[in-house]
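Asker: Got a sequence here, can you build the structure:
(one chain, ligands or ions: 1)
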Amino acid sequence: MIEWSDEDVMIRDAVRTWVDEKVRPRMDALDAGDLPPYDLIRDLFRTFGMDEMARSSFEARLAKEERAASADGDGRDGAGDGDGAASGGGGNASLNILPIVELCKVSPGLVTAMGVSLGLAAGTIMKRGSAEQKRRWGLDLLTMDKVGAWAITEPNSGSDAFGGMQATARRDGDGYVLNGSKTFITNGPYADTIVFYCKLDDGRDPRDREILTFVLDRGMPGLEQSKPLRKMGLHSSPTGELFLSDVRAGEDRLLTGGGTSAQSGRESAKANFVTERAGVAAMALGVIEECLRLSVDYARKRELWGKPIGDFQLIQLKLAKMEVARLNVQNLVFRHVEMQRKGRTPTLAEASAMKLYAAQAAAEVTQEAVQLFGGNGYMSEYRVEQLARDAKSFQIYAGTDEIQVTHIARDLLSR
Ligand SMILES: Cc1cc2nc3c(=O)[nH]c(=O)nc-3n(C[C@H](O)[C@H](O)[C@H](O)COP(=O)(O)OP(=O)(O)OC[C@H]3O[C@@H](n4cnc5c(N)ncnc54)[C@H](O)[C@@H]3O)c2cc1C
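Answerer: Numbering: from 1, shown residues only. Prediction:
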């Protein structure tokens, strides 16, 4: 694949028009954190029929799984055949990726909020849940009728997410009692449905304990969702804390699909890392394309010493480096689309390499765009400063740059 197809370009243009009409005029409110993104995301879903598509593919998938389950007498998830809309996988890969690219030109936060709800919260339930759990929570998340959060990070365990995890589940009668706190949780303040990771408190050394994954509902006794945290950028994606104090959860809330081994919670989270990291490359592409477009336009129009700044070689160098970054990140995204079409999932090392490169490229391009715009670059009106603040998050969430390096190197050294 060397370019988007004609059909892709039609989809891209339709999404672009929607973004121009619906998102750009609301960017100030979104970037001030005054407008939660969810009604806009629902509008996107209705406009492009994504809610109906999610509904029908959900029913088809459930029917297939239920047939397979009755054939082998097992009610669990074994027949899952990919992540569908939730992860950007499945049939039309470009249909899943192009909206991410277009939306990120204007609001990477909107994509973060949407991606966590669909890809991580719904994605985990659809991969690890029973048919009943998928019907109870999955469908409403896939249509964006409800908002999901995916809670793994804690104040004392970010990069060392499993090792340092302190949230606990203690057996109590036929259910569990959950305690602990989570931080930096995307959609945390508004989530209706929360996928919550914790350790089974069974007296073993905390580092060896089994990781359990529960689904919680807003309003459960003992569950507190904080207000949005103040942060550097990505203001259109509300981020918050969760506090659990003796929250009672029955077996029906425990995701055990794919087996009940000690690794199942960890493996489910690791599978999400791959989805998330590949998605960040598409987000970075949107940011880079927009910065390049704005920068070329500004370099043509801004005149100093009687000529456009685009005539100065140091400005040309910035534009050239942005184009190199755009081509490289686009190639990574195209490769990912091709892999999805062939039904191939990237390895953790491949997804990490993609994310590391794309996140750094987006961060560098946005900083250079601010520099190219001079004082105007530092002002909100010209938008590149918002993209610079937003793009910094790519180097931190879904695993920091440093963690991507360790995952890539570990894989190379283990061959
Ligand atoms: C906007 C935003 C949204 C987020 N959304 C979610 C969410 O929805 N759900 C969720 O669970 N989490 C979420 N996170 C949390 C995110 O995944 C963590 O912030 C991230 O994994 C880093 O963890 P930490 O913040 O604890 O940093 P730390 O782990 O404390 O890292 C501190 C520094 O040490 C470095 N470091 C750590 N380990 C090593 C090592 N082995 N070698 C070298 N350097 C190392 C790190 O790279 C970093 O520079 C979000 C974060 C942000 C910023």
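
Asker: And the strands in the stretch 301-415 of the chain, which stretches?
Answerer: 303-304, 307-308 (DSSP state E, counting those that start in this stretch).

Asker: could I get these as TSV with mean pLDDT, mean neighbour count and distance to residue 48?
Answerer: Glycine gets a C-beta too; all of them are placed from N, C-alpha and C. Shown next, in TSV, are those (pLDDT from 0 to 100; neighbours: other Cβ atoms under 10 Å; distance: least, Cβ to Cβ, whole Å):
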stretch	mean pLDDT	mean neighbour count	distance to residue 48
strand 303-304	98	11	41
strand 307-308	98	12	39
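
Asker: Kindly state which of those strands is positioned closest to residue 332.
Answerer: strand 307-308 (32.1 Å; Cβ to Cβ).

Asker: burial count for residue 65?
Answerer: 21 (other Cβ atoms under 10 Å).

Asker: quick one: the residue in the stretch 151-300 of the chain positioned nearest to the ligand from residue 108, how far?
Answerer: Distances between the stretch 151-300 of the chain and the ligand by Cβ to the nearest ligand atom are smallest at residue 158, namely 1.7 Å. Distance check for residue 158 against residue 108: by Cβ to Cβ, to the nearest Å, it reads 20 Å.

Asker: ditto for residue 171
Answerer: 41 Å.

Asker: burial of the residue of the stretch 151-300 of the chain closest to the ligand, as a residue count?
Answerer: The number of residues packed near residue 158 is 17, by other Cβ under 10 Å.

Asker: can you list the domains in the protein?
Answerer: Segmentation of the chain into domains, based on automatic domain parsing, reads 6-147, 151-261, 265-413.

Asker: Which positions in the stretch 101-250 of the chain make contact with the ligand?
Answerer: Along the stretch 101-250 of the chain, the residues adjacent to the ligand under the rule Cβ under 6 Å from any ligand atom are 116, 150, 151, 152, 153, 158, 159, 184, 185, 186, 234, 239.

Asker: which one of these sits closest to residue 249?
Answerer: residue 151 (13.4 Å).

Asker: Excluding chain neighbours, what is closest to residue 378?
Answerer: residue 385 (5.9 Å; Cβ to Cβ, 6 or more residues apart in numbering).

Asker: what sits against that neighbour?
Answerer: By Cβ atoms under 8 Å, 6 or more residues apart in numbering, the contact set of residue 385 is 370, 377, 378, 379.

Asker: rerun that using 10 Å as the cut-off
Answerer: 31, 233, 366, 369, 370, 373, 376, 377, 378, 379 (Cβ atoms under 10 Å, 6 or more residues apart in numbering).

Asker: returning to that earlier point: which of the domains of the chain has the lowest mean pLDDT?
Answerer: With a mean of 87, domain 6-147 has the lowest mean pLDDT of those.

Asker: Look through the stretch 251-400 of the chain and state the residue closest to the ligand.
Answerer: For the stretch 251-400 of the chain, Cβ to the nearest ligand atom, closest residue to the ligand: residue 400, 3.2 Å.

Asker: what's around residue 173, how many residues?
Answerer: 8.

Asker: Help me confirm that it comes into contact with residue 250.
Answerer: Yes. Contact criterion Cβ atoms under 10 Å: residue 173 and residue 250 qualify, at 9.4 Å.

Asker: Skipping its backbone neighbours, what lies nearest residue 103 in space?
Answerer: residue 111 (4.9 Å).

Asker: same deal with residue 245?
Answerer: In space, residue 245 is closest to residue 222, 4.7 Å off (Cβ to Cβ, 6+ apart).

Asker: Tell me who's in contact with the one you found.
Answerer: Counting by Cβ under 10 Å, 6+ apart, residue 222 has contacts 177, 178, 179, 216, 243, 244, 245, 246, 247, 248, 249.

Asker: So the closest residue to the fourth one other than its chain neighbours, which state does it fall into?
Answerer: Of all residues beyond its chain neighbours, the one nearest residue 216 is residue 194 (4.4 Å), with distances taken as Cβ to Cβ, 6+ apart. Remark: residue 194 carries the secondary structure label strand [criterion: DSSP: H, G, I helix; E, B strand; the rest coil].

Asker: List the residues that contact residue 194.
Answerer: 121, 137, 147-151, 182, 185, 187-188, 214-218, 220, 223, 225, 242, 244.

Asker: is it true that residue 223 touches residue 193?
Answerer: No. The criterion here is Cβ under 10 Å, and residue 223 misses it with residue 193 at 11.7 Å.

Asker: Compare these two and say which one has the larger neighbour count.
Answerer: Ranked by neighbour count (other Cβ under 10 Å), residue 223 and residue 193 place residue 193 first, with 23 against 19.

Asker: Can you tell me, leaving aside adjacent residues, what's nearest to that one?
Answerer: residue 148 (4.8 Å).

Asker: Residue 118 versus the one you found, what's the distance?
Answerer: 8 Å.

Asker: Looking at those two now, which is surrounded by more residues?
Answerer: Using other Cβ under 10 Å, the more surrounded residue of residue 148 and residue 118 is residue 148, with 30 against 27.

Asker: From residue 380, how far out is the residue nearest to the spatial centre of the chain?
Answerer: Central residue of the chain (Cα atoms, centre = their mean): residue 115, 3.8 Å from the mean position. As for residue 115, its distance to residue 380 is 24 Å (criterion: Cβ to Cβ).

Asker: what does residue 268 give?
Answerer: 40 Å.

Asker: ok, those two, which is more surrounded?
Answerer: A count of neighbours by other Cβ under 10 Å puts residue 268 above the other of residue 268 and residue 380, at 21 against 13.

Asker: Quick check, the more buried one in contact with residue 162.
Answerer: No. Counting by Cβ under 10 Å, residue 162 is not a contact partner of residue 268; they are 11.6 Å apart.

Asker: Are there residues contacting both of those two? Which ones?
Answerer: Common neighbours of residue 268 and residue 162, counting by Cβ under 10 Å, 6+ apart, are 197, 211.
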